[in-house]
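In: pasting the structure only:
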């Protein structure tokens, strides 16, 4: 793909880029998460030959070391989150790919389902839902802590996923048959035409099963204890796991990275300080942060549910409305700004 400008071309292909005679050169790259060395070699070849390199990555955990190593003024990293350490030269642009995918589906194409299948301000049988999914350390810690809670209606807990090897040789826990058995944890429609990557036809929309809002679970629980995909303190990775409770107008407590809530607020979302104590977000030590978050969840379980649901109304409605304004296509926007800077 090539973007034409009056003064230069922007090449997405290295061969075309190297053969160009233009004085102003721009490269657009996407890393191979499972074989980083060729990508590093490509960066090294291009770094001093072009005015700007845009690196787009849906994931963060696989490239975080690259962001640290390639901290150069002519690199723009378009990532699914934010870093928690100083960047001196490069620029980080946040594009929450997984959050955007699920929010777009339910705001633009499946909005009627949010209205028809949820009643967020009606008291529920359970206080919190907890989706565990893959076995990461923040989720294992949460499971161990919740085993100490004796009240059966406090936490509606899912199970850990099992892994399966797909056709590309990758382990994809979300397509293992044991993880998609009929029940409240997966919507009934989720098994229709599911392919090897977990994509299915859902009310006429093609989407990954992990992006589908769990209405059955949300109709049994009042709040969400969100175990995010990452708990690495070097960065905050914002995914569909936080977006689905927002779409369903729910209070959430997050078991994730240091400053996760702070970063979420920087994107324009509101959290629940004043209803609960969110100082856990600023704790640097993982176990201290997660333990304090779980303590707030247990505390909330002992509060009158109807009163809490009334208090959260302005916050959750703000978040639902704000999801409409998450920025899409940051790469195109950044390229356009770069082109305009040269064209005056």
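Out: Structure's in. What do you need? Computed from a prediction, not measured in an experiment: that's the story for all the values here.

In: When you work out contacts or count neighbours from here on, use the C-alpha atoms and nothing else.
Out: OK.

In: Break down the stretch 201-344 of the chain into its helices, ranges please.
Out: Assignment of helices within the stretch 201-344 of the chain using DSSP state H, counting those that start in this stretch yields the ranges 215-218, 240-247, 260-266, 286-301, 305-311, 313-322, 330-343.

In: Any idea which of these gets closest to residue 55?
Out: Closest approach to residue 55 among the helices of the stretch 201-344 of the chain (Cα to Cα): helix 330-343, 8.7 Å.

In: pLDDT on that closest one, on average?
Out: Model confidence over helix 330-343, given as mean pLDDT, is 80.

In: Go through that helix and flag the buried ones.
Out: With burial defined by 16 or more other Cα atoms under 10 Å, the residues of helix 330-343 counted as buried are 330-331, 335, 339.

In: which residues does residue 46 contact?
Out: With contacts defined as Cα atoms under 8 Å, 6 or more residues apart in numbering, residue 46 is in contact with residue 27.

In: TSV for the buried residues of helix 330-343, including distance to residue 113?
Out: Formatted as TSV, those follow (distance: Cα to Cα, whole Å):
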residue	distance to residue 113
330	28
331	31
335	36
339	41
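
In: what's the closest of the residues you listed to residue 236?
Out: Of the buried residues of helix 330-343, the one sitting nearest to residue 236 (Cα to Cα) turns out to be residue 330, at 18.0 Å.

In: quick one, strands of this protein?
Out: Listed in chain order, the strands of the chain (DSSP state E) span 2-4, 9-11, 26-29, 52-56, 75-79, 81-83, 91-94, 126-130, 155-157, 199-202, 205-208, 221-227, 235-237, 252-255.

In: Turn those into JSON lines, including distance to residue 302, mean neighbour count and mean pLDDT.
Out: Below are the strands of the chain laid out as JSON lines (distance: least, Cα to Cα, whole Å; neighbours: other Cα atoms under 10 Å; pLDDT from 0 to 100):
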{"stretch": "strand 2-4", "distance to residue 302": "58", "mean neighbour count": "12", "mean pLDDT": "46"}
{"stretch": "strand 9-11", "distance to residue 302": "58", "mean neighbour count": "21", "mean pLDDT": "57"}
{"stretch": "strand 26-29", "distance to residue 302": "50", "mean neighbour count": "21", "mean pLDDT": "88"}
{"stretch": "strand 52-56", "distance to residue 302": "44", "mean neighbour count": "21", "mean pLDDT": "92"}
{"stretch": "strand 75-79", "distance to residue 302": "39", "mean neighbour count": "24", "mean pLDDT": "93"}
{"stretch": "strand 81-83", "distance to residue 302": "33", "mean neighbour count": "21", "mean pLDDT": "90"}
{"stretch": "strand 91-94", "distance to residue 302": "37", "mean neighbour count": "18", "mean pLDDT": "91"}
{"stretch": "strand 126-130", "distance to residue 302": "9", "mean neighbour count": "23", "mean pLDDT": "98"}
{"stretch": "strand 155-157", "distance to residue 302": "12", "mean neighbour count": "19", "mean pLDDT": "96"}
{"stretch": "strand 199-202", "distance to residue 302": "37", "mean neighbour count": "20", "mean pLDDT": "87"}
{"stretch": "strand 205-208", "distance to residue 302": "36", "mean neighbour count": "16", "mean pLDDT": "88"}
{"stretch": "strand 221-227", "distance to residue 302": "13", "mean neighbour count": "25", "mean pLDDT": "98"}
{"stretch": "strand 235-237", "distance to residue 302": "30", "mean neighbour count": "26", "mean pLDDT": "93"}
{"stretch": "strand 252-255", "distance to residue 302": "15", "mean neighbour count": "24", "mean pLDDT": "98"}
